[in-house]
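In: have a look at this prediction, sequence included:
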Amino acid sequence: MVTKQQTIEAEKTFLSGENFYLQHFLGVHQTTTGYVFRVWAPNAQQVWLVGDFNQWDDSLALQKRADSGVWEIDTSLANEGQLYKFKVKQADGRIVFKIDPLAIHFEERPGTAAVLHTVPAKKWRDGLWQGRKKRQKSFQRPLNIYEVHASSWKHHEDGTPYHFSDLKDELIPYVKEMGYTHIQFMPLMEHPLGASWGYQLTGYFALSSYFGTPEAFQDFVEACHLENIGVFVDWVPGHFCVNDDSLAYYDGTPTFEYQDPQRAKNIRWGAINFDLGKPEVQSFLISSALFWIEFYHIDGIRVDAVSNMIYRDMDEGPWEPNHEGGNRNFEGYYFMQKLNAVIKLAHPSVLMIAEESSSETQITGLIESGALGFDYKWNMGWMNDVLRFYEMDPILRKDHLSLLSFSFMYRMQENYILPLSHDEVVHGKRSLMNKMWGDRYKQFAQLRNLYTYMMMHPGKKLLFMGSEWGQYLEWKFDHGLEWQDLSDDLNGKMQVFTQTLNQLYKEEGALWALDDQETSLEVIDADNLDETTLTFMRQGKTKKDFLIVVLNLTPVERHDFAIGVPYAGTYHELLNTEHERFGGTWIANNADQVSEAIPFKQYDHQIKTILPALGALIIKPEKIKITRKKATPNKQTIKGGEGE
């Protein structure tokens with residue numbers, strides 16, 4: 001049981017922003033005589049506990065603890081499974097029924113009451129996974145993420161969404177079969193509106209009851225780890241739901257939000273911004289992140305909308321400069337550093353991932369050097385450039401080839417994840433398959449081309465569910481994926497292609513072993529504008545461990561296509577995206593090619609092959625002789641990108 005002194009210390013550290021296990025102090029806790037309830041409402045006139053156990057009346061008034069703003073009550077009336085809320089008489093006398101911000105379970109929508117729910121201590125069986133994760137360096141391992149919206153991956157025949165007990169039986173085997181290394185869920189925390197996709201949160205410690213019980217999610221994560229699949233979860237510390245019964249102006253005054261109404265209001269998302277400089281809010285949010293890591297054994301957190309937290313001018317409407325006259329939000333900047341420092345100290349192998357769209361702040365890297373301390377950052381510039389290119393008529397592409405090659409120039413500035421996420425397949429943007437230029441056959445050909453380019457490009461990978469087989473329709477949060485598409489030959493073969501590419505990625509160390517090093521990439525030819533092709537090489541740990549990719553970005557087949565190679569020898573075509581088993585027309589790959597001693601840019605040797613229309617080839621050395629001597633310095637001309 002918690003002692004009085006421990007409670008006093010928890011209260012003290014909460015107020016100083018150093019309580020990172022706030023769920024052990026606030027919220028509801030079992031005692032020898034019943035349950036103690038605590039809530040932070042510093043400017044409330046009075047707080048009552050109401051619920052099933054007292055017919056929701058005013059019989060249970062909480063007492064305020066000294067000057068901390070924490071109210072508490074110890075009662076024997078409450079029982080497991082009952083619903084409850086806090087009835088708050090706010091600073092202006094207004095009465096509002098409020099949620100328990102520290103609850104770990106809520107009733108199903110549209111209800112918003114917390115459930116008195118005690119989760120028994122779990123005996124985890126994922127020790128082997130945890131030990132292996134601690135020994136491995138993520139930068140030197142494959143990381144290929146399947147992004148999932150939990151309630152729309154698949155529905156039952158009656159239209160109801162899967163819960164985690166269902167996903168455990170079907171999603172995990174599917175992800176394993178497809179060859180992904182990790183699943184990343186869009187926010188799973190409690191939220192009242194499905195149309196927000198989980199990005200308008202109310203319960204920061206609660207798995208949404210829409211997805212099932214906390215125990216079911218624990219079992220799901222454990223099952224993933226037993227199959228060598230990692231689990232990431234989206235988390236939203238920047239803003240929260242505006243609903244009157246949630247965190248918003250909890251005691252009638254700015255409590256979790258900024259004092260300044262202009263800074264508190266998030267116009268673009270119709271939400272309210274956390275005051276990230278307030279110590280109590282820091283305790284609340286960091287405790288939430290650690291809770292998900294420790295209670296559910298998740299392997300990483302993807303932090304949403306980092307730009308909105310570190311800049312003052314990211315929202316719509318007017319903004320006030322900081323005391324230095326700039327747009328830096330110092331509260332958010334230092335909170336991000338504190339968050340990452342705390343988590344990495346406690347859990348060095350947990351990955352912290354930033355969804356951040358600017359280039360003005362170092363996001364990944366050491367906090368001591370001024371970075372925010374994240375492990376990875378989504379490369380939004382790459383995503384914008386690439387999708388713009390593949391939507392373009394091939395006639396125009398020769399003048400915009402730099403959209404594909406510009407990211408080579410800045411790839412070492414951050415530790416990047418290349419995302420083709422949910423954001424790109426909603427709101428009239430069209431699905432990835434339907435973004436591609438041309439008729440349906442050409443769209444699938446280019447989608448295979450795009451995925452090959454993505455997998456061969458330095459950086460880790462993320463693909464949103466349904467994109468792996470080229471779903472035609474946009475994603476809809478309240479519908480299951482169009483699984484019936486797989487009865488179509490092109491969709492089915494597209495799924496086989498993605499599975500094959502995923503497996504190749506895991507097997508070929510050249511695609512990830514040196515991801516964080518400059519030597520991992522060598523451009524072979526980025527100047528072939530007339531034919532609109534791009535050729536580059538990925539280098540592994542040894543000289544013989546490398547792969548060459550050639551992208552044909554026009555619907556014209558290229559014969560006797562020359563490719564510079566670093567060594568004399570025989571080269572094998574490992575993958576041809578136009579093979580008929582992937583949906584193309586080729587019944588066999590190109591034969592192995594023996595190099596010729598003909599200079600090609602910086603190389604002394606070249607091979608020649610047939611490059612399929614709108615196709616991509618991955619080529620691997622078969623038998624080579626390591627006597628490398630460059631003929632001339634590398635004269636590659638990579639121009640600046642157009643979408644950053």
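Out: Cool, got the structure. In this text the structure is predicted, and so the values were computed from the model without any measurement. Numbering: from 1, shown residues only.
In: the stretch 1-150 of the chain: strands as residue ranges?
Out: 27-30, 35-40, 46-51, 63-65, 70-75, 83-89, 95-98, 114-115, 144-148 (DSSP state E, counting those that start in this stretch).
In: what's the third one packed up against?
Out: It stands for strand 46-51. Applying 3 or more C-beta pairs under 8 Å, 6 or more residues apart in numbering; DSSP states H and E, one finds that strand 46-51 makes contact with strand 70-75, strand 83-89. From N, CA and C alone the C-beta is placed, and that goes for glycine too.
In: sorry, back to before: quick one: which of the strands of the stretch 1-150 of the chain is nearest residue 528?
Out: Proximity to residue 528, assessed across the strands of the stretch 1-150 of the chain by C-beta to C-beta, is greatest for strand 144-148 (29.0 Å).
In: would you mind writing the CA trace of the closest one as PDB?
Out: Taking Å, rounded to 0.1, in the frame of the first residue of the first chain, the C-alpha atoms of strand 144-148 are listed here in PDB:
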ATOM      1  CA  ASN A 144       9.400  -1.700 -42.300                       C
ATOM      2  CA  ILE A 145       6.200  -0.400 -40.700                       C
ATOM      3  CA  TYR A 146       2.600  -1.300 -41.500                       C
ATOM      4  CA  GLU A 147       0.400   1.600 -40.400                       C
ATOM      5  CA  VAL A 148      -3.000   0.600 -39.100                       C
END
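In: got the phi and psi for residue 417?
Out: Per-residue torsions, residue 417: phi -110, psi 130 (degrees, to the nearest 10).
In: show me the contacts for the residue lying closest to residue 375 once chain neighbours are set aside.
Out: Once flanking residues are discounted, residue 375 sits nearest to residue 351: 4.7 Å by C-beta to C-beta, 6 or more residues apart in numbering. Going by C-beta atoms under 8 Å, 6 or more residues apart in numbering, residue 351 touches 138, 232, 299, 300, 301, 375, 376.
In: in ChimeraX, select just the buried ones from the residues you listed.
Out: Buried members of the contacts of residue 351, defined by 16 or more other C-beta atoms under 10 Å, are picked up in ChimeraX with:
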select :138,232,299,300,301,375,376
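In: rewinding a little: would you turn the helices and strands packed on strand 46-51 into JSON lines with distance to residue 471 and mean pLDDT?
Out: Converted to JSON lines, those look like this (distance: least, C-beta to C-beta, whole Å; pLDDT from 0 to 100):
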{"stretch": "strand 70-75", "distance to residue 471": "49", "mean pLDDT": "97"}
{"stretch": "strand 83-89", "distance to residue 471": "39", "mean pLDDT": "98"}
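In: redo those as JSON lines? Include mean neighbour count and distance to residue 424.
Out: Output for those, formatted as JSON lines (neighbours: other C-beta atoms under 10 Å; distance: least, C-beta to C-beta, whole Å):
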{"stretch": "strand 70-75", "mean neighbour count": "20", "distance to residue 424": "44"}
{"stretch": "strand 83-89", "mean neighbour count": "21", "distance to residue 424": "39"}
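In: any chance of these in JSON lines, plus distance to residue 509?
Out: Below are the helices and strands packed on strand 46-51 laid out as JSON lines (distance: least, C-beta to C-beta, whole Å):
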{"stretch": "strand 70-75", "distance to residue 509": "53"}
{"stretch": "strand 83-89", "distance to residue 509": "53"}
